[in-house]
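[1] A predicted structure for the sequence below; I have some questions about it.
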Amino acid sequence: MDYFNLQGLGVALVTPFKEDKSIDFDALGRIVDFQIQSKADYLVVLGTTGETPALFPDEKKEIKDFIRRRTNGRIPLILGCGGNNTAEVVNELKTGDFDGFKAVLSVVPAYNKPSQEGIFQHFMAIGEASPLPVVLYNVPGRTGVNMTAKTTLRLASMSDKFIGIKEASGNLPQIEEIIKFKPKQFQVVSGDDGITYPLMAMGAVGVISVIGNAFPKEFGRMVRLCLQGEHEKALDIHFKFTELFNLLFVDGNPAGVKCTLNALGIIENVLRLPLVPTRVSTNEKIHQILSELS
């Protein structure tokens with residue numbers, strides 16, 4: 001099993017749509033090229049920020065194939081592969097095409113609200129089936145259940161197939177416990193842009209980012225400064241984006257980052273139901289902040 005280094009800036013790619021709600025592959029290509037030019041460390045394909053619940057299976061395949069061709073090995077790729085039907089996820093892992101991808105990102109099952117033992121067994125089945133290293137993803141605000149530090153550490157110690165976790169619980173003591181007691185090779189990355197700085201000060205190795213879609217150079221610089229121990233310089237960049245961190249999520253993700261990318265002239269500000277664009281007030285605040293940042 002190849003070990004994939006999660007260190008640095010990973011970007012959870014959006015899925016741009018045209019006004020008719022079809023996938024805008026031209027815009028997606030621009031975003032991918034922008035990330036490579038801006039020296040992002042890796043890309044996450046078909047994650048939550050990509051609006052995967054609103055994509056059809058054939059569209060997911062088109063997106064996966066398009067990004068694989070567009071990147072052509074120029075940047076490492078991680079593929080989102082999760083769900084709340086364990087058998088279905090296992091089947092996808094056993095039968096899917098993962099050529100060109102370095103790892104899979106798999107989220108705690110949503111809606112079912114399994115126990116900690118259920119979460120553990122779910123991921124053990126995924127680890128056994130996956131042909132690639134697995135990055136665990138804990139985001140209780142979306143899934144309805146939190147994977148505790150005890151369960152994360154149990155998984156990390158059971159199999160080297162689990163190479164790390166994207167932690168988006170916002171629970172700093174919980175994440176600190178994982179960082180403190182994890183096996184040496186197990187990596188912790190922030191799943192929340194706004195707390196990336198403090199998590200990296202505690203020992204997280206990077207972030208899988210939303211704001212990185214729009215500001216990969218700047219946010220990537222903050223991450224690398226943290227890795228180099230230059231925390232004072234990194235903190236200046238963190239403070240620069242503090243208000244934008246909040247605005248990107250006040251009306252839900254990826255509504256905020258799509259509004260930002262639209263303001264930057266990169267994509268249309270279009271989402272698929274049940275998601276809708278940001279409120280006018282949020283849109284105006286984002287535009288104001290962008291004018292101050294420019």
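    Here it is on my side, so go on. Residues are numbered from 1 along each chain as shown.
[2] count of residues packed around residue 195?
    22 (other C-beta atoms under 10 Å). Using the backbone N, CA and C atoms, a C-beta is placed for each residue, glycine as well.
[3] could you pull out the strands for the protein?
    8-12, 42-45, 77-80, 103-107, 134-138, 162-167, 187-190, 206-209 (DSSP state E).
[4] would you turn these into a markdown table with mean neighbour count?
    Formatted as a markdown table, the strands of the chain follow (neighbours: other C-beta atoms under 10 Å):
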| stretch | mean neighbour count |
| --- | --- |
| strand 8-12 | 26 |
| strand 42-45 | 24 |
| strand 77-80 | 24 |
| strand 103-107 | 25 |
| strand 134-138 | 26 |
| strand 162-167 | 27 |
| strand 187-190 | 25 |
| strand 206-209 | 28 |
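[5] Rebuild those strands as a markdown table, extending it with mean pLDDT and distance to residue 128.
    Formatted as a markdown table, those follow (pLDDT from 0 to 100; distance: least, C-beta to C-beta, whole Å):
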| stretch | mean pLDDT | distance to residue 128 |
| --- | --- | --- |
| strand 8-12 | 98 | 25 |
| strand 42-45 | 98 | 23 |
| strand 77-80 | 98 | 18 |
| strand 103-107 | 98 | 13 |
| strand 134-138 | 98 | 10 |
| strand 162-167 | 98 | 11 |
| strand 187-190 | 98 | 21 |
| strand 206-209 | 98 | 24 |
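[6] Would you mind saying which of these lies nearest residue 20?
    Closest to residue 20 of the strands of the chain is strand 42-45 (C-beta to C-beta; 23.0 Å).
[7] Could I get the strands of the chain in TSV, plus columns for distance to residue 221?
    Below are the strands of the chain laid out as TSV (distance: least, C-beta to C-beta, whole Å):
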stretch	distance to residue 221
strand 8-12	9
strand 42-45	16
strand 77-80	21
strand 103-107	24
strand 134-138	23
strand 162-167	21
strand 187-190	16
strand 206-209	12
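[8] Among those, which comes closest to residue 254?
    Comparing the strands of the chain by C-beta to C-beta, strand 8-12 comes nearest, at 8.6 Å.
[9] Pairing partners for the closest one, with directions?
    When pairing is defined by DSSP bridges, strand 8-12 lines up against strand 42-45 (parallel), strand 206-209 (parallel).
[10] contacting residues around the closest residue to residue 211 other than its chain neighbours?
    Nearest in space to residue 211, with sequence neighbours left out and distances taken as C-beta to C-beta, 6 or more residues apart in numbering, is residue 193 at 4.7 Å. Residue 193 makes contact with 207, 209-212, 219, 241, 245, 248, according to C-beta atoms under 8 Å, 6 or more residues apart in numbering.
[11] about what we covered before: how about the strands paired with strand 8-12 in CSV, adding distance to residue 29?
    As requested, those are exported to CSV (distance: least, C-beta to C-beta, whole Å):
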stretch, distance to residue 29
strand 42-45, 13
strand 206-209, 20
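[12] Which one, of these, ends up nearest to residue 291?
    strand 206-209 (22.3 Å).
[13] coming back round to it: between the contacts of residue 193, which has the most around it?
    residue 207 (31 neighbours).
[14] didn't that residue look like it was pressed against residue 10?
    Yes: using C-beta atoms under 8 Å, residue 207 is in contact with residue 10, at 6.7 Å.
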